[in-house]
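>>> Compute the structure for the input listed below.
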Amino acid sequence: MPLFTIDLEKCQREGACVAECPARIIELTGKDGSPEPVEGAGALCINCGHCMAVCPHGALSLATMPVAESQPVRRELLPSGEAMEHALRARRSIRTYRDKPVDRDTLENLIETARYAPSGHNCQPVSWLVIHDTKEARRLAGMVIDWMRHTIETQPELAGAFRMDRVVAGWEGGEDPVLRGAPHVIVTHAPKSMLPAPAACTIALNCLELAVFSRSLGACWAGYFNTAATQWGPMKEALGLPDDHAPFGSMMIGHPRYDYHRLPKRKPAKILWR
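Alright, predicted model coming up:
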């Protein structure tokens with residue numbers, strides 16, 4: 001099967017697919033100057049879909065992505081620059097949640113959106129673990145506290161730097177300083193050996209956070225949770241990830257208890273121009 005096919009009646013030989021191919025494996029050397037893959041292109045293609053997506057005429061179909069099955073970009077739904085800037089500035093890390101779960105379909109739809117996040121070489125290494133059961137999330141938060149107690153005893157300097165004593169005291173006082181009362185946790189994990197994996201998981205969670213905000217839900221990076229997931233044996237066992245995988249990011253998700261009404265200031269950007 002060819003890597004891609006060209007509708008010669010639609011193709012205008014403009015070369016956008018050639019220019020946008022990351023692997024540089026398309027040339028205008030086909031019939032009447034139409035696009036065709038270079039020799040050995042099948043082994044070099046990263047299956048990103050750029051060539052199919054950039055063609056304004058719908059002339060190119062990848063074997064793995066028929067143009068007829070690929071949704072067109074709806075320009076009317078894209079945010080303006082002002083709207084995007086406002087959304088990014090209005091986003092907040094949510095640390096107080098209502099006692100109300102988010103339904104599975106919504107979480108699955110959010111992940112379906114976030115999985116379009118970019119990854120190095122389009123390797124798409126990210127897998128998702130959703131702790132949907134609130135009781136299980138609470139149990140795992142308790143294991144984070146166990147890890148902190150152990151760290152306080154064995155690595156007091158490290159524990160002091162992260163104020164773990166305050167976190168443990170808050171937990172023992174009936175608070176939840178680990179997950180902040182969030183009903184759910186989503187963990188991104190990927191093969192440890194894949195170099196793009198940490199960045200891909202981080203980018204995917206960042207996209208998830210923005211998608212969550214667009215649904216009037218709340219999210220916050222669960223740093224204590226993910227650190228324990230990478231260092232504490234009982235926590236690793238409880239998560240049950242594949243042996244060759246590592247958790248590269250965790251995020252708490254739920255319904256915010258409060259709305260935000262102002263845009264806080266931030267430090268000026270530190271920019272070095274060359």
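
>>> Please confirm that residue 248 is located within a strand.
Yes: applying DSSP: H, G, I helix; E, B strand; the rest coil, one finds residue 248 inside a strand.

>>> Neighbours of the closest residue in space to it that isn't next to it in sequence, how many?
Counting by C-beta to C-beta, 6 or more residues apart in numbering, residue 248 lies nearest to residue 201, which is 3.5 Å off, once chain neighbours are set aside. C-beta here means a position set from N, CA and C on the backbone, and glycine is covered the same way. Residue 201 has 26 neighbours, counted by other C-beta atoms under 10 Å.

>>> how about the helix or strand that contains residue 201: buried residues?
Using DSSP states H and E, residue 201 falls within helix 197-214. Neighbour-count burial for helix 197-214 flags 197-198, 200-205, 207-213 (criterion: 16 or more other C-beta atoms under 10 Å).

>>> Ok, stretch 255-265 next?
Residues of stretch 255-265 classed as buried: 255, 256 (neighbour count, 16+ other C-beta under 10 Å).

>>> and that stretch, how far apart are its ends?
By C-alpha to C-alpha, to the nearest Å, the extent of stretch 255-265 from end to end equals 25 Å.

>>> now the strands for the protein?
With DSSP state E as the criterion, the chain has strands at 4-6, 26-27, 36-37, 60-62, 127-131, 184-191, 218-221, 245-254.

>>> So which elements touch the last one?
With contacts taken as 3 or more C-beta pairs under 8 Å, 6 or more residues apart in numbering; DSSP states H and E, strand 245-254 sits against strand 184-191, helix 197-214, strand 218-221, helix 223-231.

>>> Kindly provide the whole-number mean pLDDT of stretch 85-101.
If you average the pLDDT over stretch 85-101, you get 97.

>>> do stretch 23-38 as well
Taken as a whole, stretch 23-38 has a mean pLDDT of 93.

>>> what comes up buried for it?
The neighbour-count check on stretch 23-38 (16+ other C-beta under 10 Å) flags 23, 25, 26, 34, 35, 36, 37 as buried.

>>> residues making contact with it?
Under the criterion C-beta atoms under 8 Å, 6 or more residues apart in numbering, residues 2-4, 6, 8, 11, 13, 15, 17-18, 40-41, 44-46, 51, 60 lie in contact with stretch 23-38.

>>> among these, which ones are buried?
By neighbour count, with 16+ other C-beta under 10 Å, the contacts of stretch 23-38 hold 3, 4, 6, 11, 17, 18, 41, 45, 46, 51, 60 as buried.

>>> All set now, cheers.
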